[in-house]
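A.B. asks: Sequence plus predicted model, see below.
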Amino acid sequence: GAGVSQSPSNKVTEKGKDVELRCDPISGHTALYWYRQSLGQGLEFLIYFQGNSAPDKSGLPSDRFSAERTGGSVSTLTIQRTQQEDSAVYLCASSLPGGGGQPQHFGDGTRLSIL
Amino acid sequence: RKEVEQDPGPFNVPEGATVAFNCTYSNSASQSFFWYRQDCRKEPKLLMSVYSSGNEDGRFTAQLNRASQYISLLIRDSKLSDSATYLCVVNLKAERDSGGGADGLTFGKGTHLIIQP
């Protein structure tokens, strides 16, 4: 079956611009996570959605970052007024219901470069 | 003490050898544990869950030591294709739990393994 799909694969933009990243989870996976990974670093948790519950936003690094999940499926991560330190790979993962206790399936990621 | 710690390596191991590495965690209330594999510039992929009684999948064996708060991964008869970064994941929630937030979900920074011909 289809895995987690993320778009775009790569995004290059100028500092100060807004960017929107998209994640389409595996069908039937109600849990969805966003992470970012800087070069040579570990995964940094950003936000977690579970069904219709309020998202866990505890990992968002600043108020420039926001995410939505419409209809319990597709999610978009928006970064406003991008900064060079936002350059990273942004990974989305989905899983069966669970607060991280279920194995996660990752998309290929979006490689974001801020000039 | 960091929540989840791994030796970053790299571990340089000859093909065919056995290699093992650990991941320590600080929260004794942790309930679920996983090993993921991440190839260079690729996304992490689940390798195996780690169960209390220990579990094996082919050449891979995972174990949990709650008393000393670490999990381990052992790879037997290593192959060139095993070269990757191995990430451990620790979570306060058990697999059967649902709802709530992602509190306690922590990825280690990974152990880099290089299998040499």
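C.D. replies: Great, that's in hand.
A.B. asks: Show me which positions of stretch B:28-48 end up buried.
C.D. replies: Across stretch B:28-48, burial judged by 16 or more other CB atoms under 10 Å in any protein chain shown covers B:30-38, B:43-44, B:46-48. Quick note: C-beta positions are derived from backbone N, CA and C, even for glycine.
A.B. asks: tell me, which of those make contact with chain A?
C.D. replies: Subset of the buried residues of stretch B:28-48 in contact with chain A: B:31-32, B:34, B:43-44, B:46, counting by CB under 8 Å from any CB of the partner chain.
A.B. asks: Take the buried residues of stretch B:28-48 and write them to JSON lines, including secondary structure.
C.D. replies: Shown next, in JSON lines, are the buried residues of stretch B:28-48 (DSSP: H, G, I helix; E, B strand; the rest coil):
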{"residue": "B:Ser30", "secondary structure": "coil"}
{"residue": "B:Gln31", "secondary structure": "coil"}
{"residue": "B:Ser32", "secondary structure": "strand"}
{"residue": "B:Phe33", "secondary structure": "strand"}
{"residue": "B:Phe34", "secondary structure": "strand"}
{"residue": "B:Trp35", "secondary structure": "strand"}
{"residue": "B:Tyr36", "secondary structure": "strand"}
{"residue": "B:Arg37", "secondary structure": "strand"}
{"residue": "B:Gln38", "secondary structure": "strand"}
{"residue": "B:Glu43", "secondary structure": "coil"}
{"residue": "B:Pro44", "secondary structure": "strand"}
{"residue": "B:Leu46", "secondary structure": "strand"}
{"residue": "B:Leu47", "secondary structure": "strand"}
{"residue": "B:Met48", "secondary structure": "strand"}
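A.B. asks: Show me which of those is closest to A:Val4.
C.D. replies: B:Glu43 (8.4 Å; CB to CB).
A.B. asks: Just give me the neighbour total for B:Arg76.
C.D. replies: Using other CB atoms under 10 Å in any protein chain shown, B:Arg76 has 14 neighbouring residues.
A.B. asks: Before I go, just wanted to say thanks for your time.
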